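>>> Mind looking at a prediction? Sequence and model below.
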Amino acid sequence: MWRFIGRRLVQFIGILFLVSIVCFSINFITPIDTAKRALGDPMTHSLPDETILERFREEKGLNRPLHEQYLEWLGKILHGDLGESLITGEPVGEDIVYHFEKTFSLAVFAMGLTLVFAIPLGILCALRQNKFIDYIGRLLAMTAVSMPGFWVSYLLIIALALKGGILPVAGYGDGSLKYMVIPGIALSLMSFGTVMKMMRNNMVDVMKEDYMITAEAKGLHPFQIIMKHGVKNALISVITLAGMTFASMLAGSAVIEKIFAWPGIGHMILSGIENKDFPVVQACVIVVSAIYLMINFLVDILYIIINPRIRYDKEN
Amino acid sequence: MNIMEITDLYVGFPTKDGLVKAVNTIDLIIEEGENIGILGESGSGKSVFADSILRLIKDQTVTKGTVVYRGQNLMEMDKKELRGLRGKELGMIMQNPSSSLNPSLTIGNQIGEAAAVHERINKKERNKKTLEILEKVRIKNAKQRMKEYAHQFSGGMKERAVIAMGIAQSPRFLIADEPTKGLDTLVKYKVVQLLKEVSENKTMLLITHDLDVAEQICDRIGILYLGEFVEISAVDALYRTQLHPYTEGFFKAMPKNGMLPIEGLPGSLIDLPEGCRFHPRCPKCMERCKKEHPPLYTKQDGRKVRCFLYADSE
């Protein structure tokens, strides 16, 4: 198991290194001149003197060879300095923490919704396989999978905010739960279908296993049989799916955050791109990648913990 | 005293190709304390028969007949009452230990669960009980082994674990479904010893296709063919002479008896042969056998056989 963790750590660092190279190359791949972007006036498109631009390039080290620039940039990041925004001049790090908190709370809420509804419904459908409830459940799952997130968002806004009038249309407001409900449901629906279907199908397979009959022969109550012998085995692969889904939620759903003006990390990346604010985009991508990889890593470890067969196979 | 009386037991599964009549029909009286063996080829309905006694068969199945255990009909008993008997009165040693053990729970957990299902005991007592049971089935190093998972156990050890679950509450009646299947000779011998030990003072119904195992454990044997008994007899008499042509063929197919296989294949459980179910393969087939289904004749010495050759011996 430790060898497995070690190997995954090396992979983790390797991937982050590649991500950092891709991020850094935004600087010279795009036709935009950083100095002009930073000092120019976006309204009038007027540029300062060439000498001023040159001084800015000198200060920021933009004239130096690329690998030197890259190493300096990487060094700063490793020391926790994610650079400053070209627009505001503020450090990006603080901004990321602020936005990430918002994304995190929305992701936890949405993931919670998915798990609370999709898993019990998946179990219920499996227990009533090919009966009415199962058809309804599968229809719901298919619908959830097929509907694009932005469209669901608008439907929810119309139904719950405009017609219903109980919930705010969009925005973060004071951060209270009511602002989170609609974007949370919209985000949750994107993963609800896959999680539910997987749980149902796994459970259907598990119900056919011999050990379920063994449990019955012992005189266990059907509820115990399903919860202890069934659900645990059915959950094994659902955990991986749910973990990956959560990781991508933490990376910020640009679409949902944009629609609901939710000040999350996805929103921050989009604004960075719109403003051609490279340091912001680069820092966000690096941080988001690191978080995504980290969650995946944790999910792998969790998977090993609940699946004893893997645990020992890896060891031996 | 009779501990179980099975009358007209019928089990059918609907499938795409038609109704599979796996048990069709069985009558059997089991005396308290005896070890009775049910022998047959694969597909003769042995395991379905074993499962149907405890009603471990899924809903879509058609089950008819009665299984009266100590005065109570298990087939009509309500589910809660039946759960109370499972494990405690009627213990089951499941077939295929590899798939009958849950891969994600420890062996100790699964045995402890079987031991504690009908009583409220704390964890310490439960562990103590689990250890005792593991020692009873001769699992060495039990304290360590109970924390392990099924895939860490060898075939013989898994079989012991499955036996442990079956006897966890020392049931009065034990059903053992192919407990020696897939074990090598040495391990098989040890498991047979263990089964003899654990079935002491109990009644056991042993499902097997292994004549040696049956001879060592059983007092009486029923030979099953296409869902019905063709012969029921005490062990010593049966191993001396076989009455039914199928039983004869079954014995001759054993390596030590010349390994002569029975001609043909067992018929389909969906379209059962008309007349005697064995007639298409029977070397002694008569005209009558093709049309009439023979009853189970009881000979004067008490042996039962389903064959017209013995029509006059009653």
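Okay, I see it. Numbering: from 1, shown residues only, chains lettered A, B, ... in the order given.
>>> only C-alpha atoms for contact and neighbour calcs from this point on.
Will do.
>>> what does the stretch 51-200 of chain B put close to chain A?
Taking CA under 8 Å from any CA of the partner chain as the criterion, the neighbours of chain A within the stretch 51-200 of chain B are B:54, B:56, B:82-88, B:91-92, B:94, B:99-104, B:114, B:117-118, B:149, B:151, B:165-166.
>>> repeat that for 7 Å
Counting by CA under 7 Å from any CA of the partner chain, the positions of the stretch 51-200 of chain B adjacent to chain A are B:56, B:83-84, B:86-87, B:92, B:94, B:99-102, B:104, B:114, B:117, B:151.
>>> Which of those are buried, as a PyMOL select command?
Taking 16 or more other CA atoms under 10 Å in any protein chain shown as the burial criterion, the selection of buried members of those in PyMOL is written as:
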select buried, chain B and resi 83+84+86+87+92+94+99+100+101+102+104+114+117+151
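>>> what's the farthest-apart pair in the residues of the stretch 51-200 of chain B next to chain A?
B:84 and B:151 (30.4 Å; CA to CA).
>>> Tell me, how many residues neighbour the residue lying closest to residue A:294 once chain neighbours are set aside?
Excluding the flanking residues, the one nearest residue A:294 by CA to CA, 6 or more residues apart in numbering or on different chains is residue A:12, at 7.8 Å. Residues within reach of residue A:12, counting by other CA atoms under 10 Å in any protein chain shown, total 17.
>>> Could you check how far residue A:12 is from residue A:281?
Going from residue A:12 to residue A:281 by CA to CA, to the nearest Å gives 21 Å.
>>> again with residue A:185
As it turns out, when the distance is counted by CA to CA, residue A:185 lies 27 Å from residue A:281.
>>> hang on, the earlier thing: now for the helix or strand encompassing the residue nearest to residue A:294, which elements pack on it?
When elements are assigned from DSSP states H and E, residue A:12 belongs to helix A:2-29. Packing contacts for helix A:2-29, counted by 3 or more CA pairs under 7 Å, 6 or more residues apart in numbering or on different chains; DSSP states H and E, involve helix A:278-306.
>>> what sits against residue B:274?
Contact partners of residue B:274, counting by CA atoms under 7 Å, 6 or more residues apart in numbering or on different chains, are B:290-291.
>>> rerun at 6 Å
By CA atoms under 6 Å, 6 or more residues apart in numbering or on different chains, the contact set of residue B:274 is empty.
>>> Could you tell me the model confidence score at the residue of the stretch 101-250 of chain A found nearest chain B?
Proximity to chain B, evaluated over the stretch 101-250 of chain A using CA to the nearest CA, is greatest for residue A:211 at 4.1 Å. On the pLDDT scale, residue A:211 is placed at 95.
>>> Surely it touches residue B:103?
No - Residue A:211 lies out of contact with residue B:103 (CA atoms under 6 Å); the separation is 8.6 Å.
>>> Comparing these two, which shows the higher neighbour count?
Set side by side, residue A:211 and residue B:103 show unequal neighbour counts under other CA under 10 Å, the larger going to residue A:211 at 23 against 19.
>>> Then that one would be within a helix, right?
Yes - judged by DSSP: H, G, I helix; E, B strand; the rest coil, residue A:211 forms part of a helix.
>>> leaving aside the residues next to it on the chain, what's closest to it?
residue B:100 (4.1 Å).
>>> All set, thanks.
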